[in-house]
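**Q** Everything below, folded, please.
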Amino acid sequence: MKNFPKTMKNFPKMFLMALPLLILMVPDAFAGTTSSTGGGSGAPGGTEFQTLWTTLSEWIQGYLGRIIAISFVVVGLASGILRGSVFGFVLGIASGIGLYLSPTIISSIMGATLP
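**A** Take a look at the predicted model:
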């Protein structure tokens, strides 16, 4: 990399940082309204990923999510004790609540209709 111009040395890093933005800018023409295997509902937002959404929501709001939330609280409590502040504990509680409520919040936002 000795012979690269100075502007090209950071290109790989800049490309990796810009990659998520480039993915988001892909035209909507690539987002079909039906499944290519014929399993889609024919309407925008078909049911291809409904089972995945249901499974993840059940995990997050079930016992796995509760265990992760308790882990957040315990790690936050330990961090708070080590640092001598309650901020770690509060952050652990907030993370646990956010994890548990995230499927409900996402469903509410995505299912909202504008007047």
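**Q** For the closest residue to residue 56 other than its chain neighbours, identify the helix or strand it belongs to.
**A** If the residues on either side of it in the chain are set aside, residue 56 comes closest to residue 103, at 7.4 Å by C-beta to C-beta, 6 or more residues apart in numbering. Where you see a C-beta, it was placed from the backbone N, CA and C, and this is true even at glycine. Applying DSSP states H and E as the criterion places residue 103 in helix 87-111.
**Q** got it, and residue 76?
**A** helix 63-83.
**Q** what angle do that helix and helix 87-111 make?
**A** Compare the direction of helix 63-83 with that of helix 87-111 by axes from the mean of the first three to the mean of the last three C-alpha atoms, to 10 degrees and you get 150 degrees.
**Q** got the buried residues for helix 63-83?
**A** Taking 16 or more other C-beta atoms under 10 Å as the basis for neighbour counts, the residues of helix 63-83 that come out buried are 65, 69, 72-73, 76, 80.
**Q** rewinding a little: the helix holding residue 103 packs against which elements?
**A** Packed against helix 87-111 by the contact rule (3 or more C-beta pairs under 8 Å, 6 or more residues apart in numbering; DSSP states H and E) you find helix 50-61, helix 63-83.
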